[in-house]
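[1] model the following, please.
(one chain, ligands or ions: 1)
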Amino acid sequence: MKTVIFGLGYVGFTAACCIAEEGHTVIGIDVSPAKVAQINAGKAPIIEPRVAAMLTAARAAGRLRADTEIGDHLRGADLAIVCVGTPSAVDGAHDMGYIANVTREIAQALAADPEAGPKTEPGTGAPLAIAYRSTVRPGTMEELVRPIFETALGPAFAHRVELVYNPEFLREGSAVQDYFAPPKIVIGTEGARPSAAMETLNANLDAPRFLVGFREAEITKFVDNSWHAVKVAFANEIGRACLGLGVSAKAVHQIFVADDKLNISPYYLRPGGAFGGSCLPKDVRALQYIGADTGANLHLIDSLLRSNEAHKHRLFEHATEGLAPGASVLMAGLAFKAETDDLRESPNVDLARKLLTAGYELKIFDPAITPEALVGKNLGYAFSQLPELERLLIDKPTAEAGGFARVIATNATVRALNLPAGTDLCDIGSLP
Ligand SMILES: NC(=O)c1ccc[n+]([C@@H]2O[C@H](COP(=O)([O-])OP(=O)(O)OC[C@H]3O[C@@H](n4cnc5c(N)ncnc54)[C@H](O)[C@@H]3O)[C@@H](O)[C@H]2O)c1
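    Now for the predicted structure:
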């Protein structure tokens, strides 16, 4: 394939070397004359393991050169890859200026030259795949990039351009290794349609593949990078708490990461229900206390309960969207999880309270809850939060008889119900 890469920084230059090593021809375009001159003189513009040798080999094979101008480099090209920077703007959002500029340049080059793009038989014209690798906020492909091409190319856009968003997962310091062994490959396209050019590009890469719409692909890097930041901040807060308590942070780390069932695993990572129950809120609160007491200042831990409260409120809004106050609602599941009668700090008790306060006609189905069987703290909590609990609970046949404007599934309890066809079901345990 002939590939044209826009932006020869850490991402673009590494990709240029790796793609050339795979046997493709690469033209790199960068606005920096110094970078372009360096590359054409066989000198890597970045320090990164392996790239210098790869550049030398690619140049010797005639497979990699650079230019400051797009010129007619898109003629015969099968793929363009955009790797320009998206630094922080003053308001904290990404500065999208580089993306807008490079997009305009590519669009104008295509508009000016009907032969720009893949070499095909006349009339069979395959579009030029243009893959964006820069990290951009969801909506960028549809609201910034596509309109620029549509304006420049008019109706020809549809057959001349195939837009792709393909996030990059390499880490500086191991960029080449990461390019050839990525943790995953995410391809975002219009309607999640496959891209032949991207399949050719990634043919030799062994990684889980995800073909999704633009927005899911665009948000991937935000999710990943924020998660990595949360991991580091969490690890360091635990380290500070350990220091404050005279506990070995190293030993605690080893115990923590050895648990690949609940700790280092997909558990507790599905967007849905808030956390609750008799342990998590209580122990988070106690760790906050330890943090304050030892001067460890655990800001991330301090934010957890507030984040959880915000989530509970958002779930209430989600569960009642489009539902007029006074409507009849069935909640399936009152305890914090199915098959337990533990109501202490159950987020579902909060939800029931919010629904009643907002004026909904609420009924609750939870076969594990029988008010007369509740004892001790559990009994006290249930009745202090929901004094009318006995009046709200209904049995299975009544729940299955239907007649509710909406059924809110809070946990797996809903699986016990055979709900009438056409039931308006909102599952807040697993967001769509
Ligand atoms: N650095 C990383 O480890 C990494 C990893 C994954 C994703 N990303 C994302 O990839 C993108 C690029 O990151 P980077 O670190 O390689 O940036 P960088 O600043 O090192 O490189 C960007 C390059 O784009 C060039 N450029 C700017 N406008 C241009 C134009 N109109 N035409 C051609 N070239 C132009 C610049 O001169 C520069 O050389 C960013 O969105 C970043 O968030 C970076």
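
[2] can you count the residues close to the nearest residue to residue 368 once chain neighbours are set aside?
    Closest residue to residue 368 in three dimensions, ignoring its sequence neighbours and counting by Cβ to Cβ, 6 or more residues apart in numbering: residue 341, at 4.6 Å. All C-beta atoms are positioned from the backbone trio N, CA, C, and that covers glycine. Neighbourhood size, residue 341 [other Cβ atoms under 10 Å]: 17.

[3] my guess is residue 341 meets residue 372, correct?
    No: Residue 341 sits out of contact with residue 372 when judged by Cβ atoms under 8 Å, with a separation of 11.3 Å.

[4] what packs against the helix ranked longest in the chain?
    Ranked by residue count under DSSP state H, the longest helix found in the chain is helix 214-245. Packing contacts for helix 214-245, counted by 3 or more Cβ pairs under 8 Å, 6 or more residues apart in numbering; DSSP states H and E, involve strand 161-165, strand 185-189, helix 249-258, helix 280-294, helix 299-319.

[5] turn these into TSV, including mean neighbour count.
    As requested, the helices and strands packed on helix 214-245 are exported to TSV (neighbours: other Cβ atoms under 10 Å):
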stretch	mean neighbour count
strand 161-165	24
strand 185-189	22
helix 249-258	12
helix 280-294	14
helix 299-319	15
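
[6] I'd like these laid out as a markdown table, including distance to the ligand and mean pLDDT.
    Formatted as a markdown table, the helices and strands packed on helix 214-245 follow (distance: least, Cβ to the nearest ligand atom, whole Å; pLDDT from 0 to 100):
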| stretch | distance to the ligand | mean pLDDT |
| --- | --- | --- |
| strand 161-165 | 12 | 98 |
| strand 185-189 | 12 | 98 |
| helix 249-258 | 24 | 98 |
| helix 280-294 | 32 | 97 |
| helix 299-319 | 23 | 98 |
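
[7] which one, of those, ends up nearest to residue 17?
    Closest to residue 17 of the helices and strands packed on helix 214-245 is strand 185-189 (Cβ to Cβ; 18.6 Å).

[8] give me the pLDDT value at residue 378.
    Residue 378 is assigned 84 on the pLDDT scale.

[9] which residues touch it?
    Counting by Cβ atoms under 8 Å, 6 or more residues apart in numbering, residue 378 touches 341, 342, 343, 344.

[10] show the backbone phi and psi for it.
    Phi and psi for residue 378, reported as degrees, to the nearest 10, are phi -60, psi -50.

[11] that one and residue 236: what is the separation?
    Noted for residue 378: a distance of 37 Å to residue 236, by Cβ to Cβ, to the nearest Å.

[12] also residue 364?
    42 Å.

[13] these two: which has the busier surroundings?
    residue 364 (25 against 14).

[14] quick one: the more buried one is in a strand?
    Yes: applying DSSP: H, G, I helix; E, B strand; the rest coil, one finds residue 364 inside a strand.

[15] got the confidence number for it?
    97.

[16] I figured it hits residue 392, correct?
    Yes: with contact defined as Cβ under 8 Å, residue 364 reaches residue 392; the gap is 4.7 Å.

[17] shared neighbours of the two, anything?
    residue 352.

[18] tell me who's in contact with the residue of the stretch 1-150 of the chain found nearest the ligand.
    Across the stretch 1-150 of the chain, the shortest distance to the ligand (Cβ to the nearest ligand atom) belongs to residue 9, at 1.8 Å. Contact partners of residue 9, counting by Cβ under 8 Å, 6+ apart, are 30, 46, 83, 84, 85.
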